[in-house]
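> No sequence on hand, only this structure:
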């Protein structure tokens, strides 16, 4: 097969590899979170509701775009040392490396998303705006003031579900991952860790 055909085959295998993580992340997102109770005198849950300072649309577009631009700029700066790939004949090595790092970035985002949502579902921690969003009415209460069963008087289904997904923070996960990824990428390229051979991708 030609170099282009080998490269297309690699893309196919990469897509197959990431598909299970995408499916699991999508399934986990649909699961109901753990039904955690609360203490009636817990003032940490009585903050007013405000919409997110950083909108999800920016979190899932601006941050990845910045990461992609940084990776692309880094590869372009290093391109003067590149030739052609020894594995994928006729394809410039810069394109192979760009694809490799962008795929790893996308794969990492998928894995981070999956584990972040698993954590949210399992923990079920209530958000600080719980009282404002839910308007809870106790059904059962222990002698120590812990309410394990309650019903919400508010009716916004989306906010009521989101109120149980406080931890771990999705915003922190989705912003820290690309920063750490780029830091390790730069360390690798600065030869602070053992580099791979440049001519093999």
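Perfect, thanks for sending it. From a predicted model like this one, the values you see are computed outputs, not experimental measurements. Numbers count the residues shown, from 1 in each chain.
> What ranges does the chain have for its helices?
Here the chain has its helices, by DSSP state H, at 3-30, 56-59, 62-78, 93-123, 130-134, 157-162, 170-189.
> Adding mean neighbour count, distance to residue 151 and mean pLDDT, write those helices out as TSV.
All C-beta spots, glycine's among them, are computed from the backbone N, C-alpha and C. TSV is the format used below for those (neighbours: other C-beta atoms under 10 Å; distance: least, C-beta to C-beta, whole Å; pLDDT from 0 to 100):
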stretch	mean neighbour count	distance to residue 151	mean pLDDT
helix 3-30	13	22	91
helix 56-59	12	28	86
helix 62-78	15	37	89
helix 93-123	18	21	92
helix 130-134	21	9	96
helix 157-162	12	10	94
helix 170-189	15	27	91
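> Which of these sits closest to residue 42?
Of all the helices of the chain, helix 130-134 sits nearest to residue 42, with 8.5 Å by C-beta to C-beta.
> mind listing what the residue nearest to residue 136 when sequence neighbours are not counted touches?
With sequence-adjacent residues excluded and distances taken as C-beta to C-beta, 6 or more residues apart in numbering, residue 136 is closest to residue 150, at 4.3 Å. The contact partners of residue 150, taken as C-beta atoms under 8 Å, 6 or more residues apart in numbering, are 37-38, 134, 136-139.
> mind running it again at 6 Å?
136, 138-139 (C-beta atoms under 6 Å, 6 or more residues apart in numbering).
> Weed out the non-buried ones from the residues you listed.
residue 136 (16 or more other C-beta atoms under 10 Å).
> Please list the members of the contacts of residue 150 that lie in strands.
Using DSSP state E, 136, 138-139 are the members of these that sit in strands.
> any idea how far the closest residue to residue 44 other than its chain neighbours is from residue 164?
The shortest distance from residue 44 to any non-neighbouring residue, by C-beta to C-beta, 6+ apart, is to residue 128 (6.0 Å). Plainly put, residue 128 is 13 Å away from residue 164 if you go by C-beta to C-beta, to the nearest Å.
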